[in-house]
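[1] here is a sequence together with a model predicted from it:
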Amino acid sequence: MPMSLTAGLAPGVRMAVNGARFLLVLAVLTEGLHNLGLLGGARLDTFFDDWVYNGAEVGAAALVLSRALLVPRERLAWLLLADRIAGFASGDLYYTLVIEKMASPPTPSLSDAGYLLLYPCAYGMIVRLVGAHVHNLHKSVWLDGATAGLAVAAVGAALVLEPVIHTTHGSFAAVATNLAYPLGDLLLVMLVIGVFALTGWRPGGTWLLIAAGFALLAIADSVYLFSVAEGTYEGGTILDAMWPAGMAVLSWAAWARPREQTEIRLSRFAVMLLPCLFGAVALFLLIRANFVHLGVIPESLAAAALLTAGWRFALTFGDLVQVSELREHQARTDDLTGLANRRQFYTRLNGAIDGCHARGASFALLMIDLDHFKDLNDTLGHYAGDLLLQQIGPRLEGVVRGDAVARLGGDEFGLIVRDATAAAVAAERIHAALRQPFELEQIAVSVHASIGIAIFPQDADSTNLLLQRADVAMYHAKESRSRYAFYARGVDSNSRERLGLVAELKDALAHGGLVVHYQPQMELDTGAVSGIEALVRWQHPQRGLLEAEEFMALVEQTGVMRELTSLVLEQSLAQQRTWRARGNDVVLAVNISAASLLDEAFVGDLRRELTRAGTPPGALRLEITESILIEEAARVSTVIAAVRELGVELSLDDFGTGYSPITHLMSMPIGEIKIDGTFVARMMDHRPTAIIVAGTISLARQLGIELVAEGVETTAQLDRLRSIGCPHAQGYLLCRPMPAPELDRWLEAGGFRSELRPPVAARGSRGDANTPSVLAPDAASTPTPGRRRQAALGVAPE
Ligand code: C2E
Ligand code: MG
Ligand code: MG
């Protein structure tokens, strides 16, 4: 609630102001009563007509002036009003003192100068006050004000101005003076009504009082002019009381409790209703002008009012169209990414189906689901997750130009590829694009996705079924850890084909269909074989040799992981024994799945296999992935502790792909980390990745942890790794995984090709990752130890 204006004044001043306000009301009331013949009688005529009348006007001017002087707020506006009232009062005073006493008063007189010359002050006051109250108004509000003002002015002109013009006779100066009053008042009324519109037709006390004051003055002026024109004017009637009354009301407006904020609400019904009303009034006047001549001024004003009303509705209509378009757009797009949403995607799919149906053509629906998005959200936070999702759209659009991309929800995206034969190519491209690191607040993250593909019309001929089939294919891709999968009748879980596959897998496990291939690792300093990783293969009777990636998901779902692990351990430990027997004390690395680490029986199996093969525990390393360590830390910790107790080393596989905080990993009993192949591939042309790799190598060295770089495919990568002090490497360049007999031949032939080994002079002198010069030429400096801790995460501060 705003404070009263007098509240801030000194008590004495406050009393004086309030006293004057009530005295003024008293004066005006008594004068009114006297002029109505109810008070004082004729003997008090001079007292009321001269003293009370002029006293009230001077008092009103003084009150408004005191408001302007005592309260700084909106000072200029009230100073202008004080001037206006003072002009009026002085005109009246001069009239009382001089003109009234003349035998034939001149027209115009000096009094008219007082009345008229200060009109502009009133306009100035309104403009100032509006400026102080209302900010940033919508154009339509100004137009409402104009419409209302013009319509009222048209009515006023029709009712007052025209009759006065027609009844006024005399000199040009006299006619002009007489016309100046109604015109001046008309303009005032127009302005005040306009202000009402500006406030959304909720003007508040001050403006209502201002309007009432000016209205009283305008009515008094108009009635006076009429009666003078008709020769019926008589002093001392109620009409004479209206002028001081109007000024008193204005002085009350000056001291009224101010409103804090004039709030404009455009949507309100009344805001539309009033311009309609004023528009209708203007229209009525124009129609009436067809039958009765109203005069040029009222007709032009009415026409102008109609024009502004039309303009206003055009504006509103424009706004409405814009808003509805915006809402329509919002209903069709995803808030976070700005891509089409599921609803819009349905529409597009429907369109594609209709189009292809008519032409007998086909198209592909790609369903893309990010892998491990939840992990990313959990470890880097939802903001990073959002940032990633926002960048996915442009990436997808970049590789499959022209085809509609949509976010279907969560980390799932949909895409229509018009040319069904290009679906696989599109899927490959998407994969490549997503693996380029995304920058999430100075952290580089590369993304894997599983893509399911369904083709219209061969897989499904309706929108829903097509989406469902693409979904099935997507899950199939995820399960089989393939980059993408086409929908095939039968990949639905429990389908015949799947059941067949499960049976075949079990058969392979039981009857030697699963074999182990071996991939050696190189010690980069010496070029020697420093370890051999066992990788399972399925020699499938129809499909040929399947790599682990192609069937591990099936193994997991079929629940035969324990058997598989035993089989691989048994075969590879036996193989290692023969190598050891030949004097090759190579360390064997075996991959252990999450399922095994959660299996309490695993340690028993492991111990048994070790005993059976007579392997010293230190010659075996178990490779486990980051995610299982993080997600199931509590559950796997007993198994891990038991494995460590056996003396078997643990190796952290695919390091960098799991977004785990490095501090967390450091608390695990890890003897080795294997940097994922994606980092090795990316480090050549992506400086942040190069820094991560260098930092990880340096950190591992400082912590006394062994390190292997995986997936080395080019000599450039090998050289770079060697130059930044990477101790071990593995990859197709060095040697592909192969069956034991083949590897035996390879070992007998001397192992790694000589050109892959370090020059003799350099052997045994590892690069020092702490020296900036060993970084890639484009990597200017080695990260500080604190940054390196983060960097080893697979995320790099830039
Ligand atoms: P991993 O342990 O990271 O194994 C490395 C994978 O990368 C192998 O694929 C290997 O053939 C492949 N690879 C090696 N060098 C290169 C290279 O230079 N470039 C590229 N692009 N790839 C290379 P594979 O055999 O298909 O194995 C895939 C994953 O399956 C393995 O990843 C491992 O996590 C799992 N796995 C493999 N064998 C077993 C096993 O016996 N038991 C369990 N539980 N998991 C296994
Ligand atoms: Mg591995
Ligand atoms: Mg790996």
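    Nice, I can see it. Numbers count the residues shown, from 1 in each chain. Ligands and ions are numbered 1, 2, ... in the order given.

[2] does residue 725 touch residue 696 like I think?
    No - the criterion here is CB atoms under 8 Å, and residue 725 misses it with residue 696 at 11.0 Å. Where C-beta positions appear, they are placed from N, C-alpha and C, glycine not excepted.

[3] more neighbours: these two, which one.
    Taking neighbours as other CB atoms under 10 Å, residue 725 and residue 696 compare with residue 696 leading, 27 against 23.

[4] name the element that one belongs to?
    Using DSSP states H and E, residue 696 sits within helix 687-703.

[5] and that helix, which residues are buried?
    The neighbour-count criterion (16 or more other CB atoms under 10 Å) identifies 687-701 as the buried residues of helix 687-703.

[6] same deal with stretch 196-211?
    Within stretch 196-211, judged by 16+ other CB under 10 Å, the buried ones are 196-200, 203, 206-207, 209-211.

[7] straight-line length of it, end to end?
    Using CA to CA, to the nearest Å, the span of stretch 196-211 from its first residue to its last is 9 Å.

[8] so after the helix holding residue 696, what's the next helix or strand?
    Next element after helix 687-703 (DSSP H and E): strand 706-709.

[9] what lines up beside that following strand in the sheet?
    Each strand paired with strand 706-709, and its direction, by DSSP bridges: strand 672-675 (parallel), strand 728-729 (parallel).

[10] what comes into contact with that strand?
    Outside strand 706-709, the residues that touch it by CB atoms under 8 Å, 6 or more residues apart in numbering are 521, 531, 651, 671-675, 679-680, 693, 696-697, 700-701, 721, 726-731.

[11] quick one: end-to-end distance for stretch 449-464.
    Distance across stretch 449-464, first residue to last, is 22 Å (CA to CA).

[12] would you pull up the residue in the stretch 351-500 of the chain closest to ligand 2?
    The nearest approach of the stretch 351-500 of the chain to ligand 2 comes at residue 481, 13.4 Å away (CB to the ion).

[13] is it true that that residue lies in a helix?
    No - applying DSSP: H, G, I helix; E, B strand; the rest coil, one finds residue 481 to be coil, outside a helix.

[14] dump the residue contacts of it.
    Here residue 481 is in contact with 549-550, 552-553 (CB under 8 Å, 6+ apart).

[15] ditto for residue 244
    Counted by CB under 8 Å, 6+ apart, residue 244 has contacts 27-28, 31, 52-53, 56-57, 60.

[16] go with 6 Å
    For residue 244, the contact set (CB atoms under 6 Å, 6 or more residues apart in numbering) comprises 28, 53, 56-57.

[17] what do you get for residue 683?
    Contact partners of residue 683, counting by CB under 6 Å, 6+ apart, are 689-690, 693.

[18] between those, which is closest to ligand 3?
    Among the contacts of residue 683, and counting by CB to the ion, the member closest to ligand 3 is residue 693, at 14.5 Å.

[19] can you tell me how far that closest one is from residue 438?
    18 Å (CB to CB, to the nearest Å).

[20] next one: stretch 644-660 to chain centre, how far?
    Between the centre of stretch 644-660 and the centre of its chain there are 40 Å (CA atoms, centre = their mean, to the nearest Å).

[21] how about it and ligand 1, touching?
    Yes - using CB under 6 Å from any ligand atom, stretch 644-660 reaches ligand 1 at 653-654.

[22] for the most far-flung residue of the chain relative to its centre, which three-state class applies?
    Within the chain, the residue lying farthest from the chain centre (CA atoms, centre = their mean) is residue 103, at 79.8 Å. Under the three-state scheme (three-state DSSP), residue 103 adopts coil.

[23] mutual contacts of residue 725 and residue 696, please.
    With CB under 6 Å, 6+ apart, residue 725 and residue 696 have no common neighbours.

[24] ok, back up a step: for the residue of the stretch 351-500 of the chain closest to ligand 2, give me phi and psi.
    Reported as degrees, to the nearest 10, the phi and psi values for residue 481 are phi 50, psi 30.

[25] and the one 3 residues further on, by the same measure?
    Note on residue 484: its backbone torsions stand at phi -150, psi 160 [degrees, to the nearest 10].

[26] what do you get for the one 3 residues further on?
    Phi and psi for residue 487, reported as degrees, to the nearest 10, are phi -70, psi 130.

[27] thought it was touching residue 454?
    Yes - at 4.3 Å, residue 487 and residue 454 qualify as touching, with contact defined as CB atoms under 6 Å.

[28] overlap of the contact sets of these two?
    Shared contacts of residue 487 and residue 454 (CB under 6 Å, 6+ apart): 469, 473.

[29] where does pLDDT dip in the stretch 201-350 of the chain?
    260-271, 324 (pLDDT under 70).

[30] cutoff 90 now
    For the stretch 201-350 of the chain, residues meeting the criterion pLDDT under 90 lie at 201-206, 218, 221-238, 240, 256-279, 281, 288-298, 301, 309-344, 347-348.

[31] which residues sit in contact with the residue of it found nearest ligand 1?
    Scanning the stretch 201-350 of the chain for the residue nearest ligand 1 gives residue 337, at 30.7 Å (criterion: CB to the nearest ligand atom). Counting by CB under 6 Å, 6+ apart, residue 337 touches 389-390, 393, 407.

[32] next one: residue 487
    Residue 487 touches 454, 459, 469, 473, counting by CB under 6 Å, 6+ apart.

[33] so what's it scoring on pLDDT?
    At residue 487, the model reports a pLDDT of 84.

[34] quick check: it vs residue 476, distance?
    According to CB to CB, residue 487 stands 8 Å off from residue 476.

[35] and for residue 485?
    Counting by CB to CB, the gap between residue 485 and residue 476 amounts to 4 Å.

[36] one step back: could you dump the contacts of residue 487 to TSV with distance to ligand 3?
    What follows is the contacts of residue 487, written out as TSV (distance: CB to the ion, whole Å):
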residue	distance to ligand 3
454	31
459	34
469	32
473	26
